[in-house]
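Participant: show me how the following folds:
(4 chains)
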2 protein chains.
Amino acid sequence: MKDSPGFLPLYRQVYDRLVKRITDGDWRPSEALPSEYALANELGVSQGTVRKALNEMEAEKLVERRQGKGTFVKEHTDEASIFRFFRLTRLDGARLTPESEVESINRRLANKQEKSVLGLEQKEHVIEIHRIRLVDHSPCVIETIILPQALFPDFDRLESLSESLYPLYQRKFGIHIVEVEEQLQAVAATKEDAKRLKIPDGTPLLRVDRVALTIIGRQVEWRSSLFETRKFVYSVNLN
Amino acid sequence: MKDSPGFLPLYRQVYDRLVKRITDGDWRPSEALPSEYALANELGVSQGTVRKALNEMEAEKLVERRQGKGTFVKEHTDEASIFRFFRLTRLDGARLTPESEVESINRRLANKQEKSVLGLEQKEHVIEIHRIRLVDHSPCVIETIILPQALFPDFDRLESLSESLYPLYQRKFGIHIVEVEEQLQAVAATKEDAKRLKIPDGTPLLRVDRVALTIIGRQVEWRSSLFETRKFVYSVNLN
DNA sequence: GAGTGGTCTAGACCACGCA
DNA sequence: GCGTGGTCTAGACCACTCT
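Facilitator: So this is what the prediction gives:
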């Protein structure tokens, strides 16, 4: 006689309310939330319950907690974002800080595959970005990025793009990426790839297809990258 | 006048003691630990403190907690282990269950690189394993696995190897892998690779170099794999 | 019904950052 | 010295599992 959820813990309800207030923009990136006691008071629960909700949010990297200071909405800075999602390193494991050159930005109707990957309905528009990323002044990644136009109004009229795009999504469009799903394959460079990366035809490349997700699991970016991995490697830890 | 650690929380000390008892084999895989209250009593702390330590151990997948039943040492079953660390999937994301053919197992002195990667001292021996993994009866991965002989006594006299090696490490040698570090590159198949995988020379392959670590960060396996990714992809989520 | 982990509360004290 | 988050305790009650 019970339903499937049957029971939603109080701290979960607190979590949901706080997450909503962040995604709604009640507290902006790098701003402090009220203290645990203030929130507990406001929501009519104990401080320990708020604490549990905030700790979950910290585990998901939505906020950052600092003893003696407070709880802050996590900001996607360029450095942090590259450190977190850009997995290319030198052979010895040292992190890289690439530079980017945007080649083109266009707006057009989404094709079938894009609608499927991004979960779009009929006749929606997408933004298509092509760029090259360089390390030590030589090209090593080519990227194609597809964004649902509806979530990124006037994206194609931005004056310039930052090196790391996720801080931009957060700052300008209130979109907070918390997870990416990637699929990797080894492929041979086509003539065009080879020309753009200044490498021989047929060089093996690491192809990475990535879908970026928000806290509620909404797909907001589809990115297809080709990495030249003769001097660099893609590093990842699994737990 | 304080030292660098300066302060070690009680739950951390409880955590350390419990982890040690598991790695020492006091409780075997799939066995239940004493209840929170029993442990709290035995260790002279409150139940909430034990709880916090156990929750950390659950987050690290060292134990599994089941409401109404108890806390159990997590067992590396074949299925769970493949699901967790074998990242190859079909193009639609469906998981694969490969079969393996061991080609050779040898014991020899570690070379310089192996000593560096595995953190070995002078003149230690290693076990070297070569195997091929097949999906749908066709070869798609070739692996070279290096183990420090000291941690795996008589490994080369085992009658057979299970499909997934980590359950074997846990069951026979008390070694519990909790994390792997991987470095990925795209490379061209050599003549020998091509022959073993039954593919054309120079086919792009995904090369994965993996170091497997225990809970205390000890390197216990170095594995170099070459994946044929025309029909499959390496899938990973980043948070 | 007994025993386990999960939630929730209330209160005390500690470590840290800052003015 | 004050306010913040971090730790620790004690106790009550809930949800789940098995007998």
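
Participant: how close does A:Ala94 get to chain B?
Facilitator: Distance from A:Ala94 to chain B, counting by C-beta to the nearest C-beta, to the nearest Å: 12 Å. Every residue, glycine included, has its C-beta placed from N, CA and C.

Participant: with A:Gly217 instead?
Facilitator: Using C-beta to the nearest C-beta, we find A:Gly217 at a distance of 12 Å from chain B.

Participant: identify the residue spatially nearest to A:Tyr11, adjacent ones excluded.
Facilitator: Of all residues not flanking A:Tyr11 in the chain, A:Lys52 sits nearest, at 4.2 Å (C-beta to C-beta, 6 or more residues apart in numbering or on different chains).

Participant: and that neighbour, how many neighbours does it have?
Facilitator: By other C-beta atoms under 10 Å in any protein chain shown, the residues close to A:Lys52 number 18.

Participant: check A:Gly48 too.
Facilitator: Count around A:Gly48 with other C-beta under 10 Å applied: 10.

Participant: repeat for A:Gln113
Facilitator: Neighbours of A:Gln113 using other C-beta under 10 Å come to 10.

Participant: tell me which element it is part of?
Facilitator: Per DSSP states H and E: A:Gln113 is located in helix A:112-118.

Participant: give the rounded mean pLDDT of the very next helix or strand once past that helix.
Facilitator: Toward the C-terminus, helix A:112-118 is succeeded by strand A:125-135 as the next helix or strand (DSSP H and E). Throughout strand A:125-135, pLDDT has a mean value of 96.

Participant: now stretch A:27-35
Facilitator: The average pLDDT within stretch A:27-35 is 95.

Participant: send the alpha carbons of it over as PDB?
Facilitator: What follows is stretch A:27-35, C-alpha atoms only, in PDB (Å, rounded to 0.1, in the frame of the first residue of the first chain):
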ATOM      1  CA  TRP A  27      22.700  33.600  -4.600                       C
ATOM      2  CA  ARG A  28      25.200  34.400  -7.300                       C
ATOM      3  CA  PRO A  29      28.500  32.600  -7.900                       C
ATOM      4  CA  SER A  30      31.100  33.300  -5.200                       C
ATOM      5  CA  GLU A  31      28.500  34.800  -2.900                       C
ATOM      6  CA  ALA A  32      28.000  33.500   0.600                       C
ATOM      7  CA  LEU A  33      24.900  31.600   1.600                       C
ATOM      8  CA  PRO A  34      23.300  32.400   5.000                       C
ATOM      9  CA  SER A  35      24.900  30.500   7.900                       C
END
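
Participant: does it reach DNA strand D?
Facilitator: Yes. Applying C-beta under 7 Å from any atom of the strand, one finds stretch A:27-35 in contact with DNA strand D at A:33, A:35.

Participant: quick one on the thing from earlier: so what's the residue nearest to A:Tyr11 scoring on pLDDT?
Facilitator: With respect to pLDDT, A:Lys52 has a value of 97.

Participant: just checking, which helix or strand of chain A averages the lowest pLDDT?
Facilitator: Every helix and strand in chain A was compared by mean pLDDT, DSSP states H and E; the lowest is helix A:78-85, with a mean of 89.

Participant: list the buried ones in it?
Facilitator: With burial defined by 16 or more other C-beta atoms under 10 Å in any protein chain shown, the residues of helix A:78-85 counted as buried are A:80-82, A:84-85.

Participant: list the helices and strands whatever helix or strand comes next after it packs on?
Facilitator: Remark: after helix A:78-85, the chain's next helix or strand is strand A:88-90, criterion DSSP H and E. On a contact count with 3 or more C-beta pairs under 8 Å, 6 or more residues apart in numbering or on different chains; DSSP states H and E, strand A:88-90 meets strand A:232-238.

Participant: before we move on, back to that, out of the buried residues of helix A:78-85, which is nearest to A:Ile132?
Facilitator: A:Ile82 (16.0 Å; C-beta to C-beta).

Participant: give me the nearest residue to that closest one, chain neighbours excluded.
Facilitator: Of all residues beyond its chain neighbours, the one nearest A:Ile82 is A:Ser164 (5.3 Å), with distances taken as C-beta to C-beta, 6+ apart.

Participant: for chain A, which segments are assigned as helices?
Facilitator: Under the criterion DSSP state H, helices of chain A are mapped to A:10-23, A:36-43, A:47-59, A:78-85, A:112-118, A:165-173, A:191-197.

Participant: ranking the ones you listed by mean pLDDT, which is last?
Facilitator: helix A:78-85 has the lowest average pLDDT among the helices of chain A, namely a mean of 89.

Participant: got the angle between that one and strand B:232-238?
Facilitator: Counting by axes from the mean of the first three to the mean of the last three C-alpha atoms, to 10 degrees, helix A:78-85 points 140 degrees away from the direction of strand B:232-238.

Participant: which other residues reach helix A:78-85?
Facilitator: Helix A:78-85 is contacted from outside by A:61, A:95, A:97-98, A:162-164, A:166-167, A:177, A:180, B:238, using C-beta atoms under 8 Å, 6 or more residues apart in numbering or on different chains.

Participant: same list, these, but as CSV with neighbour count and distance to DNA strand C please.
Facilitator: As requested, those are exported to CSV (neighbours: other C-beta atoms under 10 Å in any protein chain shown; distance: C-beta to the nearest atom of the strand, whole Å):
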residue, neighbour count, distance to DNA strand C
A:Lys61, 17, 19
A:Arg95, 13, 24
A:Thr97, 12, 26
A:Pro98, 18, 32
A:Ser162, 14, 26
A:Glu163, 16, 27
A:Ser164, 22, 25
A:Tyr166, 25, 26
A:Pro167, 20, 22
A:Ile177, 21, 27
A:Val180, 20, 27
B:Leu238, 15, 26
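
Participant: as CSV, these with distance to B:Tyr15 would be great.
Facilitator: Formatted as CSV, these follow (distance: C-beta to C-beta, whole Å):
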residue, distance to B:Tyr15
A:Lys61, 23
A:Arg95, 30
A:Thr97, 36
A:Pro98, 39
A:Ser162, 41
A:Glu163, 39
A:Ser164, 36
A:Tyr166, 34
A:Pro167, 35
A:Ile177, 32
A:Val180, 31
B:Leu238, 26
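
Participant: the residues you listed in strands, which ones?
Facilitator: A:177, A:180, B:238 (DSSP state E).
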